[in-house]
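**Student:** Need coordinates for the following:
(one chain, ligands or ions: 1)
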Amino acid sequence: MKAVVTGGAGFIGSHLCDHLIAHGHSVVALDDLSTGSESNLVQLSGNPQFELVKGSILDARLVDEVIAESDTVFHLAAAVGVHTIVDRPLQSLHTNLNGTENVVAAAARRRARFMVASTSEVYGKNDTDGLTEDADRILGSPLKSRWSYAAAKGLDELVAYIYGEETGLPCVITRFFNIVGPRQTGRYGMVVPRFVSQALGGDPITVYGTGAQRRCFGSVFDVVPAVVRLLETPAAYNRAVNLGGREEVSIKGLADRVTAMTGSSSRIDYVSYEDAYGEGYEDMQRRMPDTSLAHSLIGYEPQRRLDDIIASLIDHKRSGDPDARTAAAA
Ligand code: UDP
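**Tutor:** The predicted structure follows:
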């Protein structure tokens, strides 16, 4: 495989680069380093099968050049994290819409296999137990920038799907449900690395809302091999496929678990959604995937339990992650 990974310096992207290189493929990572970091790729530097190109997916010419030599494109570059979306709505929208179109168009010209990373956010406020891929989308007002990520990712799916239909582009849409692991930063919102940094730094753990909202966290180590297998499975082409974990926890329950596993004496601070994200923020009460489609296509069975996922982040942050050092110094 001659793969391009957009967002290759990001959390999931860098693990995907590791996995592809470990399996003998060659990889070009394209990343503007806006939220990704070169430090996520130090282990690959000097490897002749790997190259990092620093640039934006908004630069259509660069995207074309990078993809011209490839046969497989994994598109993970995006503006991510609730804080990013709420703080910089226009730039996020621009990247997630126009950037994706550049990447899909280049992949289609090259006739490369194409995967686009989507999100459980596309289901919006639908909090049915066990969301299947055909579940209804229940989005809030288009005039609330909180929904811009969900709206843009929904359009990304459509763009990929329509290219697939009209040009025969072999494409897979993966919907990630709260994927967690080493190298994930809490800076842009993601709750598990935030709680782990707060607990290790002895800072208050910031639970937003009542903490009764529930999530089902999945491991990056389960999801990355699944993404590659899906792209090698023609029955998955032109479909959206849920990927995530199976163990549900409340956010207050997560805070308690992180505190116990780090041995921290941090207290819990309850923060209103308004203080956390600004006025009018609507949170999902529950987001639980049904991953039976992934199971039927590629035998997907998430192996890591929530405690394993939390433990891997604690180890990573204890071994010198910049987020942990910042929290400890604060
Ligand atoms: N959350 C929290 N404290 C934080 C960050 C997030 O309580 O410091 C909550 C957030 O409101 C949501 C859940 O944790 O209910 C998961 O948030 P995240 O941003 O990780 O993912 P989401 O599921 O919202 O996309």
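**Student:** residue contacts, the closest residue to Asp308 other than its chain neighbours?
**Tutor:** Closest residue to Asp308 apart from its sequence neighbours, by CB to CB, 6 or more residues apart in numbering: Ser219 at 6.9 Å. Heads up, the C-betas are built off the backbone N, CA and C, glycines and all. For Ser219, the contacting residues are 179-181, 245, 302-304, 308-309, 312, by CB atoms under 8 Å, 6 or more residues apart in numbering.
**Student:** for Ser219, which residues make a bridge with it?
**Tutor:** Counting by DSSP bridges, Ser219 forms beta bridges with Val180.
**Student:** Pull out the buried residues from the contacts of Ser219.
**Tutor:** 179-181, 245, 302, 304, 309, 312 (16 or more other CB atoms under 10 Å).
**Student:** so Cys171 bridges to which residues?
**Tutor:** Phe114.
**Student:** What count of nearby residues applies to the residue in the stretch 201-330 of the chain that the ligand sits nearest to?
**Tutor:** Nearest to the ligand, among the residues of the stretch 201-330 of the chain, is Tyr208, at 3.6 Å (CB to the nearest ligand atom). If you count neighbours by other CB atoms under 10 Å, Tyr208 ends up with 21.
**Student:** likewise Glu232?
**Tutor:** Residues near Glu232, counting by other CB under 10 Å: 12.
**Student:** low pLDDT regions in the stretch 1-150 of the chain?
**Tutor:** Filtered on pLDDT under 70, the stretch 1-150 of the chain yields no residues whatsoever.
**Student:** before we move on, what about the stretch 201-330 of the chain?
**Tutor:** 322-330.
**Student:** can we see that at 80?
**Tutor:** 321-330 (pLDDT under 80).
**Student:** can you pull out the strands in it?
**Tutor:** 205-208, 214-216, 218-219, 239-243, 248-250, 268-271, 286-287 (DSSP state E, counting those that start in this stretch).
**Student:** Deepest in the core, which of the ones you listed is it.
**Tutor:** The highest average neighbour count among the strands of the stretch 201-330 of the chain, using mean count of other CB atoms under 10 Å, belongs to strand 218-219 at a mean of 24.
**Student:** could you check whether it is close to the ligand?
**Tutor:** No - counting by CB under 6 Å from any ligand atom, the ligand has no neighbours in strand 218-219; the shortest distance is 11.5 Å.
**Student:** what's the burial count for the closest residue in space to Phe50 that isn't next to it in sequence?
**Tutor:** Once flanking residues are discounted, Phe50 sits nearest to Leu44: 4.4 Å by CB to CB, 6+ apart. The tally of other residues near Leu44 (other CB under 10 Å) stands at 19.
**Student:** next one: Glu166
**Tutor:** Glu166: 9 neighbours (other CB under 10 Å).
**Student:** can you check the one 4 residues further on too?
**Tutor:** Taking other CB under 10 Å as the criterion, the count of residues near Pro170 is 18.
**Student:** quick revisit: possible to save the contacts of Ser219 as JSON lines with distance to Ile173?
**Tutor:** Shown next, in JSON lines, are the contacts of Ser219 (distance: CB to CB, whole Å):
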{"residue": "Ile179", "distance to Ile173": "15"}
{"residue": "Val180", "distance to Ile173": "21"}
{"residue": "Gly181", "distance to Ile173": "21"}
{"residue": "Gly245", "distance to Ile173": "19"}
{"residue": "Pro302", "distance to Ile173": "19"}
{"residue": "Gln303", "distance to Ile173": "23"}
{"residue": "Arg304", "distance to Ile173": "23"}
{"residue": "Asp308", "distance to Ile173": "27"}
{"residue": "Ile309", "distance to Ile173": "24"}
{"residue": "Ser312", "distance to Ile173": "27"}
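**Student:** show me where this structure has helices.
**Tutor:** Assigned by DSSP state H, the chain shows helices spanning 11-22, 60-68, 82-87, 89-94, 100-110, 148-167, 191-201, 220-231, 251-262, 273-277, 292-298, 306-318, 322-329.
**Student:** The longest one - contacts with which helices or strands?
**Tutor:** Right, the one you point to is helix 148-167. With contacts taken as 3 or more CB pairs under 8 Å, 6 or more residues apart in numbering; DSSP states H and E, helix 148-167 sits against helix 82-87, helix 89-94, helix 100-110, strand 113-119, strand 171-176.
**Student:** What residues does the chain have near the ligand?
**Tutor:** So the chain meets the ligand at 82, 178, 189-191, 194, 206-208, 213, 215, 251, 283, 287 (CB under 6 Å from any ligand atom).
**Student:** which two in those residues are spaced the farthest apart?
**Tutor:** Thr206 and Arg287 (19.4 Å; CB to CB).
**Student:** Just the pLDDT for Thr185.
**Tutor:** On pLDDT, Thr185 comes in at 92.
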